[in-house]
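Q: quick one: sequence plus predicted model below, questions after.
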Amino acid sequence: MLLLNSISKVIQAFSRLLRVDIACFNPDGQLIAATEEYILRKGKKVHVPFFNNLYGHHITLLHQPGKMPTCDGCHFINNCPSKAELVQDMIINGKKYGYLSFVSFSQENERILIENKEYYIEWLSRLKEIIISILRDTDELKVKENRVLVSENYIFGKSKSLSQIHNLIKSIRNGTSSILITGETGTGKSLLAQYIHETSLVSKGPFIELNCAAIPESLFESELFGYEEGAFTNAKRHGKQGYFELADNGTLFLDEIADLPISLQPKLLKVIQDGIIRRVGGTTSKKVNVRLISATNRSIDELMNEKLFRSDLFYRLNVIPMTIPPLRERMEDLELLVMNFIEKLSERTGKFIDSCTKEYMNILSSYHWPGNLRELENVIEYSMNIEQKNVLTKNSLPPYLSNPLIGHHKLEQKHKPALVEAEKEIIIQKLDQYGNSYSGKQLAAKDLGISIRTLYRKIDKLQIRS
Ligand SMILES: Nc1ncnc2c1ncn2[C@@H]1O[C@H](COP(=O)(O)OP(=O)(O)OP(=O)(O)O)[C@@H](O)[C@H]1O
């Protein structure tokens, strides 16, 4: 069950029954669930620091919220839309779970709340018990999640293709053979790599990720194998560990492996074969014990045909191949993924969405998802920001989905040249601003809100001189 959804549903039910607005806060005074009226009047991102003054008071009736000494520090001081609040802290065995509040926004409700205080206190205590039990269940779940990063089926889906991947992961759990994950962009290759690590024998060791598309060819060797002091100008004083050393006794995830420069491929092949590395500028060798997982969204077969990828390296990397199908080929997982994203994004968007309408789901089901799960996640985030209700409706979909006449491609075709030029211009500006070095590009990518690997791809695609 989704935590916030569960709490939200209980709160809505109690609110309808008792005819009072209800809000629930975490121990830091941040709103985690509330009735619609409460969100409307107080805003979605209410943070009520003054509640800290109420810990240990168990149940407090705030008669004139906004004008009490405890209101110091609250951003609603002297301007509080609530007329009265009955607040209870949620503490059990010394553990703080947060606060619960029954709120009245009208004078009529204020009178009812005050006149029937005892009755409401009883219900407040019952609601507290239910919410604490939900929060406790989640605590237990978190402990489990820490052992196995994410629960099966739930995160990756229940479709046939995903079940096959799960079975494969189970059967290789005790080994450390190299794995090559293939799949279109945004299908979840990085997430799968982490999952494999977390469920493997080397899960206690480090998981180190290296994006082969993001590292300039000249730095590759020193990044992979490290370097000794004085190995080259600008080398750090005591040298630097490379990715292989960092990943010792754990997993090294080589993302975008197809972008590994051909000149470096023999060196990688040698390390895989011997398990021995030598730092740049070093004279001694070191044995490392690293499980390799690689991923690519390009066709390595084509690269091998063009002699851009060595076949001997490919066979070493591809001992266990795994392919994640694109989202359009596993639509059975769509609903599960949507609900998962709704929960995942509720904190970032400050919205408590319960579900989505059938019409909304139908539109998602008939789309072909070229950007796969990454695109789906963006669409859900967009919808959650736009949606006024607690259910996602067609109205909150981005225009290219809600209005079939404005197809993505149609828009793009019409404006493509201008868009490309604008994009190129912005990237050049940022590179001028931060410089063309690797660290400059890292800053530029951060400023642009894209990953460094995306920046490198764009530099390449837009033929920007770097
Ligand atoms: N099964 C899943 N359940 C929930 N979220 C997922 C799942 N798979 C992927 N995601 C999310 O989708 C987004 C894209 O996933 P990820 O970065 O792993 O894709 P990728 O295939 O490695 O992409 P690229 O080829 O561009 O590197 C991430 O935000 C990730 O958390």
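A: Cool, got the structure. Because the structure is a prediction, the values reported are computed rather than measured. Numbers count the residues shown, from 1 in each chain.

Q: quick check: phi and psi on residue 114?
A: phi -70, psi -40 (degrees, to the nearest 10).

Q: quick one: it and residue 84 touch, right?
A: Yes. With contact defined as C-beta atoms under 8 Å, residue 114 reaches residue 84; the gap is 6.2 Å. Every C-beta, even on glycine, is put in place using the N, C-alpha and C of the backbone.

Q: what about those two, which has more around it?
A: More crowded of residue 114 and residue 84, by other C-beta atoms under 10 Å: residue 84, with 22 against 15.

Q: ok, and the closest non-adjacent residue to that one?
A: Nearest non-adjacent residue to residue 84, counting by C-beta to C-beta, 6 or more residues apart in numbering: residue 110, 4.4 Å away.

Q: what helix or strand does that neighbour sit in?
A: helix 107-115 (DSSP states H and E).

Q: send the alpha carbons of that helix over as CSV?
A: C-alpha atoms of helix 107-115 as CSV (Å, rounded to 0.1, in the frame of the first residue of the first chain):
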residue,chain,number,x,y,z
GLN,A,107,-17.1,30.2,13.0
GLU,A,108,-19.9,27.6,12.9
ASN,A,109,-17.3,24.7,12.8
GLU,A,110,-15.3,26.4,15.5
ARG,A,111,-18.3,26.4,17.8
ILE,A,112,-19.0,22.8,17.1
LEU,A,113,-15.4,21.8,17.7
ILE,A,114,-15.2,23.7,21.0
GLU,A,115,-18.6,22.5,22.3
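
Q: okay, now the closest residue to the ligand within the stretch 151-300 of the chain: neighbour count?
A: When scored by C-beta to the nearest ligand atom, the stretch 151-300 of the chain has residue 188 as its residue closest to the ligand, at 2.5 Å. Residues near residue 188, counting by other C-beta under 10 Å, number 21.

Q: mind checking the SS state of the nearest residue to it once chain neighbours are set aside?
A: Using C-beta to C-beta, 6+ apart and skipping residues adjacent in sequence, the residue nearest residue 188 is residue 373, 5.4 Å away. Three-state assignment for residue 373 (DSSP: H, G, I helix; E, B strand; the rest coil): helix.

Q: kindly report the same for residue 103.
A: The three-state assignment at residue 103 reads strand, by three-state DSSP.

Q: use 24 as the first number for this chain going forward.
A: New numbering, starting at 24: the last item is residue 126.

Q: check contacts around it.
A: By C-beta atoms under 8 Å, 6 or more residues apart in numbering, the residues touching residue 126 are 43-46, 61, 105, 107-109.

Q: now do 10 Å
A: Shown in contact with residue 126 (C-beta atoms under 10 Å, 6 or more residues apart in numbering): 38, 43-46, 57-58, 60-61, 64-65, 85, 88, 103-110, 132-133, 136.

Q: sketch out the low-pLDDT regions of this protein for me.
A: Judged by pLDDT under 70, the chain has its weakly predicted residues at 24-27, 66-82, 92-98, 116-117, 160-179, 253-254, 256-260, 427-442, 489.

Q: tell me the centre residue of it?
A: residue 367 (6.9 Å; C-alpha atoms, centre = their mean).

Q: if we can go back for a sec, find the residues that touch each one of residue 137 and residue 107.
A: Residues within reach of residue 137 and of residue 107 at once, by C-beta under 10 Å, 6+ apart, are 84, 86, 127.
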